[in-house]
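Novice: Predicted model and sequence follow; I will ask about them next.
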Amino acid sequence: MNRSIIIGTLAGLGLFTALVVWVGASEITISVLAMGWGIALVSAFRFALLIFDTLSWRALLDRGNRPSLPWLFWSRWVADSANTLLPVARIGGEFLRAYMLYQHRGGGAIAGASVLVDVTAGIFTQVLFSTVGVFLFFVIVGTDSDTTLNLTLGLALFAGGMAGLYTIQRLGIFTRLARFTERAIRREYWRNLTGSAIEFDNAIAALYRKKRPILACCFWRILGWVFGTGEVWLILYFLGQPISLAEAFVLESLGQAARSAGFMIPGGLGVQEGGLLLVGSHLGLTAEIALALSLAKRARELLVGVPCLILWQLVEGRGIWHRLRNSR
């Protein structure tokens, strides 16, 4: 881990610990344990959401050369597990699935471009998702809350960053970045992942010219964000604190926005908890329940992600073993 990741991890861990100690670790633990086997249903629900993420990526790949849906789902599952459980600033998993696609189908420029455009679509649709969440928060809480203004300003900054990311891609700046990376790394192994700099930019531009795949990608992304509301509703139902779907929508949309804002902190540790605590307090949730909601989400990440990463390591290890045997 580089220095920024280490600092982010320590800061997130400190914030997380402070919130748990402030609210009360025993009270939070009791609330989470009250879910019982409900956490298994929440974990199963996550697999349904991964299907939407898989379909959004699949929409960007040419029909004649794209892998099967089960293989894409597997790659998406590995990437999601890496992003949520490993200190990779929520982008390491995206490099990983681009590499897996390159290994499986070749065409490094297409592999990298499809992932980059899919991530951009995810950010764009998250801005829309969070915008609706701020509006619902405004309707439910009222106009007198300073939190509404802060959320609106934060969302505006988020949208500005998304617009900048899109502009950078369309201006071809990745050509310069890729050339710098090629000179810095000087390894053919990594250069093959994105192809040449010009090929990478051309592949990105070609994808953006295909309006129907882009719209389909955004459609599946939006469905994924919206259906993610069901996870919050299910968790609070099993915690014995049922809420309306509108309130669940607000918690999910603004909680995800807070986590994205703290992308340099692995897993959004502490940031997710603080966001849910802040928003939940305006929706009538106690501090114990708000933090229990966040911890239930993290328990789901462990139940879904750890088996995947172990299985992925076994698969990769087996592949390396076979390659070594064949090279003898």
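Specialist: All right, it came through fine. In this text the structure is predicted, and so the values were computed from the model without any measurement.

Novice: just the helices in the stretch 151-300 of the chain please.
Specialist: Using DSSP state H, counting those that start in this stretch, the helices of the stretch 151-300 of the chain run over 173-185, 188-194, 197-209, 211-227, 229-238, 245-261, 271-282, 287-327.

Novice: May I see these organised as TSV, with distance to residue 109, mean pLDDT and mean neighbour count added?
Specialist: C-beta: built from backbone N, CA, C; applies to glycine. TSV is the format used below for the helices of the stretch 151-300 of the chain (distance: least, CB to CB, whole Å; pLDDT from 0 to 100; neighbours: other CB atoms under 10 Å):
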stretch	distance to residue 109	mean pLDDT	mean neighbour count
helix 173-185	10	52	14
helix 188-194	6	50	15
helix 197-209	4	81	18
helix 211-227	16	94	18
helix 229-238	35	93	21
helix 245-261	27	88	22
helix 271-282	34	85	22
helix 287-327	23	82	16
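
Novice: Relative to residue 64, which of the ones you listed is closest?
Specialist: helix 211-227 (13.4 Å; CB to CB).

Novice: rewinding a little: want to throw the helices of the stretch 151-300 of the chain into a markdown table with distance to residue 22?
Specialist: Putting these into a markdown table (distance: least, CB to CB, whole Å) gives the following:
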| stretch | distance to residue 22 |
| --- | --- |
| helix 173-185 | 42 |
| helix 188-194 | 44 |
| helix 197-209 | 45 |
| helix 211-227 | 30 |
| helix 229-238 | 21 |
| helix 245-261 | 18 |
| helix 271-282 | 10 |
| helix 287-327 | 8 |
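
Novice: Residue 93: which of those is closest?
Specialist: Using CB to CB, those put helix 287-327 closest to residue 93, at 10.1 Å.

Novice: who does that closest one touch, helix- and strand-wise?
Specialist: Taking 3 or more CB pairs under 8 Å, 6 or more residues apart in numbering; DSSP states H and E as contact, the helices and strands that helix 287-327 lies on are helix 3-23, helix 25-33, helix 38-58, helix 69-85, helix 229-238, helix 271-282.

Novice: got any ranges where the stretch 1-150 of the chain has weak pLDDT?
Specialist: In the predicted model, the stretch 1-150 of the chain carries pLDDT under 70 at residues 1-13, 15-16, 20-21, 23-25, 27, 89, 143-150.

Novice: Pretty sure residue 57 sits against residue 117.
Specialist: No. Using CB atoms under 8 Å, residue 57 is not in contact with residue 117, being 9.2 Å away.

Novice: For the two, list the residues in contact with both.
Specialist: Counting by CB atoms under 8 Å, 6 or more residues apart in numbering, the common neighbours of residue 57 and residue 117 are residue 217.

Novice: how about whichever helix or strand residue 99 is part of: buried residues?
Specialist: In the assignment (DSSP states H and E), residue 99 maps to helix 92-105. For helix 92-105, a neighbour-count test (16 or more other CB atoms under 10 Å) marks 93-102 as buried.

Novice: tell me how far it is from the chain's mean position?
Specialist: Computed by CA atoms, centre = their mean, to the nearest Å, the separation of helix 92-105 from the middle of its chain amounts to 16 Å.

Novice: How about stretch 269-280?
Specialist: On the basis of CA atoms, centre = their mean, stretch 269-280 sits 16 Å off its chain's mean C-alpha point.

Novice: just the CA coordinates of that stretch, formatted as CSV?
Specialist: What follows is stretch 269-280, C-alpha atoms only, in CSV (Å, rounded to 0.1, in the frame of the first residue of the first chain):
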residue,chain,number,x,y,z
LEU,A,269,-14.4,2.7,6.6
GLY,A,270,-15.9,5.3,9.0
VAL,A,271,-17.2,7.4,6.1
GLN,A,272,-20.1,5.1,5.4
GLU,A,273,-20.9,4.9,9.1
GLY,A,274,-20.8,8.7,9.5
GLY,A,275,-23.0,9.2,6.4
LEU,A,276,-25.6,6.7,7.6
LEU,A,277,-25.5,8.1,11.1
LEU,A,278,-26.1,11.6,9.9
VAL,A,279,-28.9,10.9,7.4
GLY,A,280,-30.5,8.2,9.6
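
Novice: Out of the buried residues of helix 92-105, which is nearest to residue 280?
Specialist: residue 93 (27.6 Å).
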